[in-house]
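Visitor: My questions concern the predicted model and sequence given below.
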Amino acid sequence: MLKKIALITGVTGQDGAYLTELLLKKKYVVHGVKRRSSSINTHRIDKFYKEIQNKNSNFILHHGDMMDTPSIYNILSKIKPNEIYNLAAQSHVAVSFEQPEYTANADALGTLRILEAIRHLKLEKKTKFYQAGTSELFGGISKKPSNEKTPFYPRSPYGVAKMYAHWITVNYREAYGLYACNGILFNHESPLRGETFVTQKIVKGLTKIKLKKQKKLYIGNLYARRDWGHARDYVYAMWLMLQQKKPDDYVIATGKQYSIKDFINLVAKELRLKIFWKKNKNKKEFAVNENNQIIIETDKRYFRPSEVNHLLGDASKAKRKLNWSTKINIQKLVQEMVSEEISKN
């Protein structure tokens, strides 16, 4: 029996690493795409990367770039994958305000380049395509849970680029008959999360404060509320989307919402770090330790030009059609992230 061939763009990221692990366990041959860089950035996939020298390895790395059309065509024409998971993106919202053109080129047009390659290489009947969407598509929506029918209202260049990627995926599905799906994934974290993302920043900062390696943590909007899940659960949903008879789009979320302040409290509790919240004369909140020293403070540098205060997902469709549900709650997620961070210090 021939093994299925999967191609993962953005394989060196958090989701790429967990998806690689999942697909290898399912006996896929996994091809990963990474940008060529002078520095080694494969730490998340090192355990697979080290096996590449083995001729029987089911994990193969390619150099490519979402902004380089020939590299995309060359890779697809060589391996002719059964499944493509497009996880590559400039995925940091704050960075997208500083580099909007780069974000659009990588996140929006990068998706188009893959879809065009599938079409021109006549892989429509062979290749299924997954596009990594984001809850940032719903940025300006009210406090109600968002589902597949909720109108989009992105509030960042990242969200706008991802909206193009979403609709071009739908368009190619409808116009050319591609098996193409959008996963509208709400925030999902893990010990592999990049350190510039707020959850990992909190975990790393508070761990160092606990171990007396850092004095203070600066944070942005304490009251922004997010729907947080574990990346391992979410990559399983990606795989499920490409196993269905018909392609469709799905919201993936826990349906539970916590503020940044809530997340800080959960991490502090896990670390057994006592913090006490106070307000200054301008009613600005900050946190102190047992010695009344300020250890958590907000900083304007970490606020977005246009804030997204509420993100909450309704994954009823995924539960009904994919039989998908979350297995790891936020307490277990925090426990895992803190445990991993402590082991590094």
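Guide: Structure received.
Visitor: what's the burial count for Val334?
Guide: Applying other CB atoms under 10 Å, we find 23 residues neighbouring Val334. Heads up, the C-betas are built off the backbone N, CA and C, glycines and all.
Visitor: Now it: which helix or strand?
Guide: According to DSSP states H and E, Val334 maps onto helix 330-344.
Visitor: Name the residues that touch that helix?
Guide: Helix 330-344 is contacted from outside by 189-191, 193, 199-200, 203-204, 207, 228-230, 254, 256, 258, 263, 266-267, 270-271, 328, using CB atoms under 8 Å, 6 or more residues apart in numbering.
Visitor: Equivalent analysis for stretch 171-179, please.
Guide: Contacts of stretch 171-179 (CB under 8 Å, 6+ apart): Leu115, Ile118, Arg119, Glu124, Thr127, Lys128, Phe129, Ala180, Leu242, Pro247.
Visitor: most neighbours, which of those residues?
Guide: Counting neighbours by other CB under 10 Å, Ala180 comes out on top of the contacts of stretch 171-179 with 29 neighbours.
Visitor: Just the C-alpha atoms of the strand or helix carrying that one, please, in PDB.
Guide: Assessed by DSSP H and E, Ala180 sits inside strand 179-185. C-alpha atoms of strand 179-185 as PDB (Å, rounded to 0.1, in the frame of the first residue of the first chain):
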ATOM      1  CA  TYR A 179     -10.500  20.100  -2.600                       C
ATOM      2  CA  ALA A 180      -9.600  23.200  -0.600                       C
ATOM      3  CA  CYS A 181     -10.500  23.900   3.000                       C
ATOM      4  CA  ASN A 182     -10.100  26.800   5.400                       C
ATOM      5  CA  GLY A 183      -9.500  26.200   9.100                       C
ATOM      6  CA  ILE A 184     -10.500  29.300  11.000                       C
ATOM      7  CA  LEU A 185      -8.400  28.500  14.100                       C
END
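Visitor: Give the partner strands of that strand in its sheet and their orientations.
Guide: Using DSSP bridges, the strands paired with strand 179-185 in its sheet are strand 128-132 (parallel), strand 250-252 (parallel).
Visitor: Which helix or strand lies directly C-terminal to the shortest one?
Guide: Following strand 250-252 in sequence order, the next helix or strand is strand 258-259 (DSSP H and E).
Visitor: Return the list of helices and strands in contact with the very next helix or strand once past that next one.
Guide: Sequence order places helix 260-271 as the next helix or strand after strand 258-259, per DSSP H and E. Here helix 260-271 touches helix 198-210, helix 330-344, going by 3 or more CB pairs under 8 Å, 6 or more residues apart in numbering; DSSP states H and E.
Visitor: Thr298 is nearest to which of those helices?
Guide: Among the helices and strands packed on helix 260-271, the nearest to Thr298 by CB to CB is helix 198-210 (12.2 Å).
Visitor: For that closest one, buried residues please.
Guide: If you call a residue buried by 16 or more other CB atoms under 10 Å, then helix 198-210 has these buried ones: Val198, Thr199, Gln200, Lys201, Ile202, Val203, Lys204, Gly205, Leu206, Thr207, Ile209, Lys210.
Visitor: hang on, the earlier thing: could you save the contacts of stretch 171-179 as a markdown table and add columns showing distance to Lys34?
Guide: Listed next are these as a markdown table, based on distance: CB to CB, whole Å:
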| residue | distance to Lys34 |
| --- | --- |
| Leu115 | 21 |
| Ile118 | 20 |
| Arg119 | 24 |
| Glu124 | 26 |
| Thr127 | 20 |
| Lys128 | 22 |
| Phe129 | 19 |
| Ala180 | 23 |
| Leu242 | 21 |
| Pro247 | 27 |
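Visitor: Make JSON lines out of the strands paired with strand 179-185 and add distance to Ile79 and mean pLDDT.
Guide: Putting the strands paired with strand 179-185 into JSON lines (distance: least, CB to CB, whole Å; pLDDT from 0 to 100) gives the following:
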{"stretch": "strand 128-132", "distance to Ile79": "14", "mean pLDDT": "98"}
{"stretch": "strand 250-252", "distance to Ile79": "26", "mean pLDDT": "98"}
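Visitor: Tell me which of these sits most buried.
Guide: Greatest average neighbour count among those goes to strand 250-252 (a mean of 27), per mean count of other CB atoms under 10 Å.
Visitor: who touches it?
Guide: Residues external to strand 250-252 that are found in contact with it (CB under 8 Å, 6+ apart): 146-148, 181-186, 188, 229, 234, 237, 241, 313-315, 317-318, 321-322, 324.
Visitor: Relative to the whole chain's centre, how far out is that strand?
Guide: On the basis of CA atoms, centre = their mean, to the nearest Å, strand 250-252 sits 13 Å off its chain's mean C-alpha point.
Visitor: swap in stretch 165-181?
Guide: With CA atoms, centre = their mean, you get 21 Å for stretch 165-181.
Visitor: Can you give me the buried ones in it?
Guide: Buried residues in stretch 165-181 (16+ other CB under 10 Å): Ala165, His166, Ile168, Thr169, Val170, Tyr172, Arg173, Leu178, Tyr179, Ala180, Cys181.
Visitor: and Arg119, what does it touch?
Guide: Neighbouring residues of Arg119 by CB under 8 Å, 6+ apart: Tyr172, Tyr176, Leu178.
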